[in-house]
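In: the sequence and its predicted three-dimensional model are supplied below.
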Amino acid sequence: MMDFIIANAPALLIALPMLGAFALPLVGRLGDSARTGWVLGVGLITFVIAALLAWTVLSGGPVLYTFGAASPADALPADSGGIPIRIVFTVDAMSAFMAVFASFVGFITCLYSVASERRSSGKDGYYALMLLLLVGILGMVCTGDLFNFFVFLEINSLAGAALVAYRIDKGVSVEAGLKYGFLSTLAGLMVLYAIALLYGQYDSLNMAVIASRMSYTMLDKVALALFVAGLALKAGAVPLHFWTPDAYSMAPGAVTAFLVVASQAGLYGLFRILFSVYGLTLSYVTVGWAVIILGVLSMFVGVTMAIPQKDVKRLMAYHAVSQSGYMLLGVGVGLVVLGDAAAMDAFGRTAMEGGIFHIVNHAMYKGLLFLTAGAIFLQTGTRNLNKMGGLGHSMKWTMLFFIIGALAIAGIPPFNGFASKLMIYESVFAFSPVIAVIAMVVSILTLASFVKVFHAIFMGPEQPRHADAGEVPKPMLAAMAVLALLTILMGVFPEQIVTTVIAPAADALIDQSAYVATVFGGI
Amino acid sequence: MIENVPFFCAGLLVIIGLVVIVTKKDLIKMVMGLALVEAGVNLLLVATGYISGGVAPIFTNAPSTDMVMPTVQAMTLTNIVIGIATTALLLSFVLVIYKKYGTRDVTEMRRLKE
C-alpha cells in the first residue's frame, strides 16, 4: 500500500483533490459535519502525499511520472524514437517544494473556512472550488508538459475567479471576479500562443525536450516575451498588478490567503520557463535585468500604493505585490549571473535561495495577515480602517497573530521574513548596492504602514459599535496559530530549512541539464 | 507565401481581439474580444500541425511521415472546451453585474474604487 502510494504520488496528488471536489455535492447531502470531515480529510491527505513526494525527491532525486505508461518512469518507450509521447510529470526539488507548501496552505485555509463560512450558503460549491484551485496549483507546479501546464493554469484561473466572485450579494465581488477571470484568461491565452510557437519549431510539448533542442531563434524570443508577460500578469507583478487589489480585497479571507499561493504558482511557471526551458541559451543578462527591474518596480510601486489605502485588505493586497518583487529580485539576480560560475557561487546562489525562501515565507505570513483581516471583517463587518479601533480589548489572540505577521512582513528578527530578506539584502548588495538599498527602504516603508494599520485596528479605547465583537471561533484561531507558529519557527531555524529544502530547489532551477536528464534518463 | 497566410491571420485575429478589449466599453463586447484572441490562438495551433500533402491521422495504413500530427488538433479541441467554460463564466459574471448595477458600461462602474 505504502509503496503504491509513493510510486503513484504525482498522480494521486492531482487525482485526490479532484475526486474530493467532484464528490462534494454528494457528500454535502449527508450534512455539515460530513462535508467538513471530507474537506479536511482530503486536504490533509493531499498534504501528506505532497510531503511523501517531497521526501522521495529530496532523498532520491527527481521523480518522473508518465501517465498511461506501463511503468511510471517509462517516459521514453522503445518505439517512441526518443521522444516522450505521453503526458509526463517531472517533479524535481523546486516542484516538490511548491507542492508541499501549496497543499499545506490549502489545508489551513479549508480549516479556517470551516468556521468563517459556517453561516454562509452554498458551501458545497465553495469547498469544491477551493479543492479545484488546489488541483490547479499542484498541477502547474508538477507538470513537465507545456500544454498540460496551460490546462492547469486555466483550472487555477477559473476556480480563482469563481471564488473571488463567490459572495455575489453586493455585485462588487462579481466585478472583481470578472476582472480576475478576464485577465487570467488573457494571460493563459498568451502562454498558449507562446506554447504554439515553441511546438511549431520543436515538435514537442515536453519542457525537457524543448530545452534540449532550444536554439533561441527570433520566434523563441517572441515566445519568451509572451511567457513573461502572461505569467507576470498571473503572478501580479507591476506593471501588470492592477487586478490584485480588487481580487484580493473582495474575496473571502481564506480565499485571499490561498489566492496568494495561486499567484505564486504563476511565479513558479515564470522561473521554470526561464531556467529550465530556456536556460543558458537565453541572453540571460538582458532577461535577468528585465526580471530585476520588474521586481524593483513591484517592490516600490506596491509599497507606495499601499500606504494611502483605507481598506485593510486592499492595503495588504498592495503589500503582496510589493513582496512578490523581492522574489523576482532574488531570482533575477541569480539569472543575470547564470553563466558566470564564480559570481554564482559568490552571491547568485544565495540570492536565488533568498528569493525562493521568500516565496514560502510570504505564503505563511501573508496568509496569516489575510486570515486575521478576515477574522476582523467577520467580527466587525467592515474593512475600513477609519471605522475600526480598540479591537485589542476583545480580540487578543487575533491581535497577537497580526503582530507576528506584521513583524514578519517588515523583516524584523526573529521572524521568517527577516531570514529571507537578509539573504536577499546581502547577496544583492554584492551585486548592486543601489538595489539593495531600495529593498531596505521598501522594508522600512512596509513597517511604517503596518504600524499605522495596527494602531488603527487594535489600539485606542473600546468602541461601542464593536462591543459585541468577541474572539473568533476556535478553528479560525487554530489555522492562524499554525501559520504564526511556522512564521516563528522558520525565522528561528532558517539554516536548517534552507539547507534541506530551499538549496535543492534553487539548484534544481540552476542546473538545467539535470532537469533535461530527468526525462531522458541520464543521457 | 500562401502557406504562411494562416499564421498571419492568427496574429491578425489576436491583434483585433486585443484592440477590441482595450477600446470597447461594453463588457459583452470585451468578452467577444477575448473570444477573438482565443480564435487566433486556436488558428495558430491548427496551422502548426499542417503538412503539405499530409493525410488525416485516422488513416492508419499511411506511412507515418505523411500523417498530420494529431497533437495540435487535440490541443485545439481542449482549448475550445476551456474557452467555452471561460466565456460562459465571464458572461454569467456580466449578467450578475448587469442585474446589480443596471449597466454594462465599464466607465460607469466605480463601486469597487470607493
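Out: On my side now, so go ahead.

In: doesn't A:Gly68 make contact with A:Asp74?
Out: No. Assessed by CB atoms under 8 Å, A:Asp74 is found out of contact with A:Gly68, at 10.2 Å. The C-beta positions use only the backbone N, C-alpha and C, and glycine is treated the same way.

In: centre-most residue in chain B?
Out: Nearest to the mean C-alpha position of chain B, counting by CA atoms, centre = their mean, stands B:Glu38 at 1.3 Å.

In: I'd say that residue and B:Ile84 touch.
Out: No. Between B:Glu38 and B:Ile84 there is no contact under CB under 8 Å: 9.8 Å.

In: could you list the low-pLDDT ranges of chain B?
Out: B:59-65, B:110-114 (pLDDT under 70).

In: can you tell me which residues contact the residue of chain B found nearest chain A?
Out: Closest residue of chain B to chain A, CB to the nearest CB: B:Lys100 (3.1 Å). For B:Lys100, the contact set (CB atoms under 8 Å, 6 or more residues apart in numbering or on different chains) comprises A:168, A:170-171, A:174.

In: filter those residues by proximity to chain B?
Out: By CB under 8 Å from any CB of the partner chain, the members of these lying near chain B are A:168, A:170-171, A:174.

In: show me what the helix or strand containing A:Ala351 is packed against.
Out: Per DSSP states H and E, A:Ala351 falls inside helix A:349-380. Here helix A:349-380 touches helix A:93-116, helix A:253-271, helix A:312-336, helix A:396-409, helix A:416-431, helix A:474-492, helix A:503-510, going by 3 or more CB pairs under 8 Å, 6 or more residues apart in numbering or on different chains; DSSP states H and E.

In: so how far is that helix off the chain centroid?
Out: Centroid displacement of helix A:349-380 relative to its chain, using CA atoms, centre = their mean, to the nearest Å, is 10 Å.

In: again, but for stretch A:174-194
Out: Offset of stretch A:174-194 from its chain centre (CA atoms, centre = their mean): 17 Å.

In: show the average pLDDT along that stretch.
Out: Averaging pLDDT along stretch A:174-194 gives 93.

In: where does pLDDT dip in the stretch 401-523 of chain A?
Out: Ranges of the stretch 401-523 of chain A meeting pLDDT under 70: A:467-469, A:521-523.

In: residue in it nearest to chain B?
Out: Taking CB to the nearest CB, the stretch 401-523 of chain A has A:Val519 as its residue nearest chain B, at 17.1 Å.

In: enumerate every residue touching that residue.
Out: A:64, A:75-76, A:84, A:88, A:90, A:144, A:206, A:208-209.

In: out of these, which is most surrounded?
Out: Greatest neighbour count in the contacts of A:Val519, by other CB atoms under 10 Å in any protein chain shown, goes to A:Gly144: 30 neighbours.

In: which residue is the nearest non-sequential neighbour of that one?
Out: A:Thr90 (3.1 Å; CB to CB, 6 or more residues apart in numbering or on different chains).

In: report the beta-bridge partners for the one you found.
Out: A:Leu64 (DSSP bridges).

In: any idea how far it lies from chain B?
Out: To chain B, A:Thr90 is 19 Å away according to CB to the nearest CB, to the nearest Å.

In: sorry, back to before: the helix holding A:Ala351: which residues count as buried?
Out: Neighbour counts using 16 or more other CB atoms under 10 Å in any protein chain shown place A:349-380 of helix A:349-380 among the buried residues.

In: ok now the top helix by length along chain B, how far from the chain's centre?
Out: Longest helix in chain B, counting residues (DSSP state H): helix B:71-101. Chain-centre distance of helix B:71-101: 10 Å, with CA atoms, centre = their mean.

In: list the buried residues of that helix.
Out: Across helix B:71-101, burial judged by 16+ other CB under 10 Å covers B:71-72, B:75-76, B:78-79, B:82-83, B:86-87, B:89-90, B:93-94, B:96-97, B:100-101.

In: equivalent analysis for stretch A:44-61, please.
Out: Here stretch A:44-61 shows A:44-47, A:49-54, A:56-57 as buried, counting by 16+ other CB under 10 Å.

In: which ones among those residues map onto helices?
Out: Using DSSP H, the subset of the buried residues of stretch A:44-61 located in helices is A:44-47, A:49-54, A:56-57.
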